[in-house]
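# I would like the atomic coordinates for the input below:
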Amino acid sequence: MYQRIRDLREDRDLNQTQIAKYLGMSQTGYSKYETGENDIPSAVLIKLARYYNTSVDYLLGETDQKERYPKSK
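Residues are numbered from 1 along each chain as shown. The predicted structure is shown next:
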């Protein structure tokens, strides 16, 4: 999971400070998510999935499908 959020960030040429600002936290706090030092709260996972237009399952490593799931009606 930690490598995936780092890869997604780097693929968009973003730095940790930019993502931390989006999440409303410090760069140091966000860095601890990428290194696995701190667990990522579910609310943060949801925000990251929305930001990167992917699923929480992808971030967690439960699927290799990057695309979001279609919303059910």
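
# is D7 part of a helix or strand, or is it coil?
D7 carries the three-state label helix when classified by DSSP: H, G, I helix; E, B strand; the rest coil.

# from T54, how far out is the residue positioned nearest the centre of the chain?
For the chain, L48 is the residue whose C-alpha lies nearest the centre (CA atoms, centre = their mean; 3.8 Å). Counting by CB to CB, to the nearest Å, the separation of L48 from T54 is 8 Å. All C-beta spots, glycine's among them, are computed from the backbone N, C-alpha and C.

# do P41 as well
As defined by CB to CB, P41 lies at a distance of 17 Å from T54.

# and I5, by the same measure?
Between I5 and T54 the distance, using CB to CB, works out to 10 Å.

# likewise for L60?
Applying CB to CB, the value for L60 to T54 is 11 Å.

# looking at the two, which is more packed in?
Each of L60 and T54 has its neighbours counted (other CB atoms under 10 Å); T54 has more, 19 against 13.

# and the helices in this structure?
Here the chain has its helices, by DSSP state H, at 2-11, 16-23, 27-35, 42-51, 56-60.

# got those as CSV, with mean pLDDT and distance to E67 columns?
CSV is the format used below for the helices of the chain (pLDDT from 0 to 100; distance: least, CB to CB, whole Å):
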stretch, mean pLDDT, distance to E67
helix 2-11, 94, 13
helix 16-23, 97, 21
helix 27-35, 96, 23
helix 42-51, 96, 11
helix 56-60, 94, 8
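
# among those, which comes closest to R68?
Distances from R68 to each of the helices of the chain were compared using CB to CB; the shortest belongs to helix 42-51, at 7.4 Å.

# tell me the angle of that closest one relative to helix 2-11?
Per axes from the mean of the first three to the mean of the last three CA atoms, to 10 degrees, the angle that helix 42-51 makes with helix 2-11 is 40 degrees.

# list the buried residues for helix 42-51?
Taking 16 or more other CB atoms under 10 Å as the basis for neighbour counts, the residues of helix 42-51 that come out buried are V44, L45, K47, L48, A49.

# and for stretch 1-8?
The neighbour-count check on stretch 1-8 (16+ other CB under 10 Å) flags M1, R4, I5, R6, L8 as buried.
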